[in-house]
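Chemist: From the sequence below, what's the structure:
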Amino acid sequence: MSNTTPTADASSGNTRQFVTLTVKGQLFGIPVLSVQDVLAKQTIANVPLAHPVVAGLINLRGRIVTAIDLRRRMGLEDRPDGADSMNVVVEHGKELYSLIIDTIGDVLTVPADKFERNLATLDPLWRSFSDGIYRLDQGLLVVLDIGRLLDFSDAEAA
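Modeler: Model prediction:
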């Protein structure tokens with residue numbers, strides 16, 4: 001599977017489906033077809049000199065997977081020591097990546113016509129890897145573009 005945009009999600013034509021997750025209280029959505037697996041907290045092997053957002057490597061059923069700390073990727077403070085986390089495994093460029101998040105939510109089906117482009121007030125870093133937003137009763141759902149989220153070509157070297 002390659003990265004998908006919201007229009008390529010599992011949908012009935014007028015709806016879109018996202019796996020929801022939270023990072024420091026903010027609700028995010030990943031297109032449901034981009035998600036390969038959801039895991040509890042994993043043992044992570046450190047990778048010296050890796051990019052600062054790379055938490056390390058995990059072993060997923062014999063396959064080595066790069067773990068990306070979404071808090072760091074989003075420019076947020078690190079998770080407090082001992083705080084629980086989860087992993088959402090996604091595929092990008094034929095490689096698996098584990099996104100370290102705070103909590104996983106449900107699969108959310110939203111009306112396609114409620115999709116909005118990114119708000120001007122959304123953090124510029126977040127806008128760089130967000131497709132857009134949905135305004136929900138429980139708050140703002142920021143839709144993540146996996147391809148842009150995992151593209152470090154313009155990021156500073158570690």
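
Chemist: now what about stretch 48-58, what contacts it?
Modeler: 42-47, 64-69, 72-73, 87, 98, 100, 152, 155, 157-158 (Cβ atoms under 8 Å, 6 or more residues apart in numbering). To be clear about C-beta, it is placed using only N, CA and C from the backbone, and glycine gets the same treatment.

Chemist: now with 7 Å?
Modeler: 42-47, 64-69, 72-73, 98, 100, 152, 155, 158 (Cβ atoms under 7 Å, 6 or more residues apart in numbering).

Chemist: what's the average pLDDT for it?
Modeler: Averaging pLDDT along stretch 48-58 yields 94.

Chemist: Kindly report the same for stretch 116-129.
Modeler: Averaging pLDDT along stretch 116-129 yields 86.

Chemist: Which residue ranges of the chain form helices?
Modeler: 70-73, 124-128, 146-149 (DSSP state H).

Chemist: mind checking which helix or strand of this protein has the lowest mean pLDDT?
Modeler: In the chain, no helix or strand scores lower on mean pLDDT, DSSP states H and E than helix 124-128, which sits at a mean of 87.

Chemist: Buried ones among the contacts of stretch 48-58?
Modeler: 42, 44, 65, 66, 67, 68, 69, 72, 73, 98, 100 (16 or more other Cβ atoms under 10 Å).

Chemist: Contact partners for the closest residue to the last one other than its chain neighbours?
Modeler: The one in question is residue 100. Distances taken as Cβ to Cβ, 6 or more residues apart in numbering place residue 69 nearest to residue 100, at 4.8 Å, with adjacent residues excluded. Going by Cβ under 7 Å, 6+ apart, residue 69 touches 53, 55, 100.

Chemist: Strands along the chain, start to end?
Modeler: 15-23, 26-31, 35-40, 54-60, 63-69, 86-92, 95-101, 103-111, 130-136, 139-144 (DSSP state E).

Chemist: tell me the mean pLDDT for the fifth one?
Modeler: Think strand 63-69. Rounded mean pLDDT across strand 63-69 is 96.

Chemist: in its sheet, what does that strand sit against?
Modeler: strand 54-60 (antiparallel), strand 95-101 (parallel) (DSSP bridges).

Chemist: What are the contacting residues of the last one?
Modeler: Right, the one you point to is strand 95-101. 21-23, 36, 42, 55, 58, 60, 63, 65-70, 85-90, 150.
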